[in-house]
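**Q** sequence below, structure please.
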Amino acid sequence: SAALASTFGPGTAAGLFNAALASLGVAAVAAKTAQRNMAPEGSVDASAKPAAVRSLQRRFLSVFWMLRMSDWLQGPYFYQVYSTKVFNGVTASMATVSRLFLMGFGSTAIAGPFVGKATDRYGRKAGTIAFGLIYALGAISTKSPLLWVLFLGRIMSGIGTSLLFSAPESWLVAEAGKIEGGMDYLGETFGLAYAGDSIVAITAGQLASMAAAARGGATGAFELSVVFLALGSLLAATTWKENVASGETQSDGSQKTFTISDALKVVAADQKILLVGATQALFEAAMYIFVLQWPPAIAAAVARTFGAGTVTPYGKIFSCFMTCCLLGSTLFGAMSDNGVATERSTAGMLTLATAAMGAGVAATRWPTAVPTAVLVGSFFAFEACVGMYFPSIGTLRSKYIPDANRSVIMNLFGIPLNVLVVSVFLSINKLGLSGALGVSATSLGLAALCMGKLNRIQKREALAT
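**A** Residues are numbered from 1 along each chain as shown. Model prediction:
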């Protein structure tokens, strides 16, 4: 009983987050069970699902989860793999690690639209396989002691990120469009993808620790990442059929090749695409800012509550976050099953995310006045919103972004996203912890306004038909 109390009791930081993880795990299982048992009659169900849709989901999800595993494996050891490098007899400084970090974001912003154009033109399957190759080169580069190789590897990783977040999704949407009724199952497919992604992330954290220990350093996690990249690429190569962007047929019978300028014109001409893209850029910028700020915020809270020198259980906290994401994706699935418009549910989610981040700002700005429980609870609530966001935005993009420009447009909105993240990171000394989280809360509030407007447009159009 003493061992149980030390493991799950609130008297220690580890015990507190172990108890939180157990509670969240029970809640996630209960929510998933309730979703299955309470699905209304007439909703999309497995028995009525066409065999072609089931096949598409199996082929997409197996590749998606493999590639996401490769990405998650690198996360826990990103800082350590670079901070332990020695250049000219001196250990890498925080400034050097920061430059490497920013190089990845910068290359994503610059290369994204061109990568998207190539993916739409030459094939989404090819783009997915290219991700595996390029991201593997970035992972392998972490073995090098040469700074220029590490910077080149970060450029590769940034380009790979552009492919990961556009090529597989574009492939799925195009394939679903070829199946009768296939588009009706996209919401379900995105829900399954990101519910599974939460479990993949939790598993990746454990595998990364084992790989690092087995290989005697942080590069072990990156080496294991290459294995999953190879497996995911092999699955895509053998189970996916190629598809390219649908284009306009010209007078001579040839297909028009769309340019980045054409994609910009499409966005400018359609307010709904602009609102979806603005929501994507604002929410994901807020999320990446949060990723950089939650560790010091939680560490400070743990020190205040349990005393200076207390070890912050980052791994357990990360697992709590991912379980919250699972809850969020389950909630999306339940709302989708019950016919709630994605525009409406996303607007509500963004409002909650804004409130949660605002509470987090208050807890960091006035730590002695705002209880630590408010900080932790607000971060858990935000992560639940993250879990709901990804299947929501995937569904909205499949609805509003035309196939002819899909990958390009998705990457175009990555430019303001990355500019905002890099700007905050470069200004972190002036902003401070609460200031950075304040930017995140403001971005979420603007995203909520954008989605609220899209929701009103959707309602008007529904009434008009």
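**Q** make it CA atoms for all contacts and neighbour counts henceforth
**A** Fine.
**Q** skipping its backbone neighbours, what lies nearest residue 208 in space?
**A** residue 221 (4.7 Å; Cα to Cα, 6 or more residues apart in numbering).
**Q** contacting residues for the one you found?
**A** 73, 74, 77, 207, 208, 209, 211, 212 (Cα atoms under 8 Å, 6 or more residues apart in numbering).
**Q** now with 10 Å, please.
**A** Going by Cα atoms under 10 Å, 6 or more residues apart in numbering, residue 221 touches 70, 72-78, 81, 139, 204-205, 207-215.
**Q** measure how far stretch 25-40 is from the centre of its chain, please.
**A** Distance of stretch 25-40 from the chain centroid (Cα atoms, centre = their mean, to the nearest Å) equals 23 Å.
**Q** I should have written stretch 268-276 there, sorry.
**A** That offset, for stretch 268-276, works out to 22 Å (Cα atoms, centre = their mean).
**Q** let's have the chain start at 584 instead
**A** Happy to do that; since the first residue is 584 now, the last one works out to stretch 851-859.
**Q** so what touches that stretch?
**A** 845-847, 849-850, 860-864, 926, 976, 979-980, 982-985, 992-993, 996, 1030, 1032-1038, 1040-1041.
**Q** follow-up on the earlier one: pLDDT score for the residue nearest to residue 791?
**A** With respect to pLDDT, residue 804 scores 91.
**Q** got a pLDDT number for residue 701?
**A** With respect to pLDDT, residue 701 has a value of 90.
**Q** for residue 682, that is, sorry about that
**A** Predicted confidence (pLDDT) for residue 682: 85.
**Q** same question for the one 4 residues further on.
**A** Residue 686 carries a pLDDT value of 90.
**Q** mind listing what it touches?
**A** Contacts for residue 686 (Cα under 10 Å, 6+ apart) come out as 680, 692, 734, 735, 736, 737, 738, 739, 740, 741, 1005.
**Q** once you drop chain neighbours, what's closest to residue 792?
**A** Counting by Cα to Cα, 6+ apart, the residue nearest residue 792 is residue 804, at 7.3 Å.
**Q** returning to that earlier point: separation between the residue nearest to residue 791 and residue 794?
**A** Look at residue 804 and residue 794: by Cα to Cα, to the nearest Å, they are 5 Å apart.
**Q** any shared contact partners between the two?
**A** If you check residue 804 and residue 794 against Cα under 10 Å, 6+ apart, the residues they both contact are residue 656.
**Q** next up, the contacts around the residue nearest the centre of the chain.
**A** Nearest to the mean C-alpha position of the chain, by Cα atoms, centre = their mean, lies residue 973 at 6.7 Å. Residue 973 makes contact with 773, 774, 776, 777, 778, 863, 867, 908, 911, 912, 915, 979, according to Cα under 10 Å, 6+ apart.
**Q** go on, residue 903?
**A** 600-608, 785, 897, 909, 963, 966.
**Q** just the element for it, please.
**A** Counting by DSSP states H and E, the element that carries residue 903 is helix 897-920.
**Q** same thing with residue 702?
**A** Element membership for residue 702 (DSSP H and E) is helix 677-705.
**Q** show me what counts as buried in that helix.
**A** 680, 683-704 (16 or more other Cα atoms under 10 Å).
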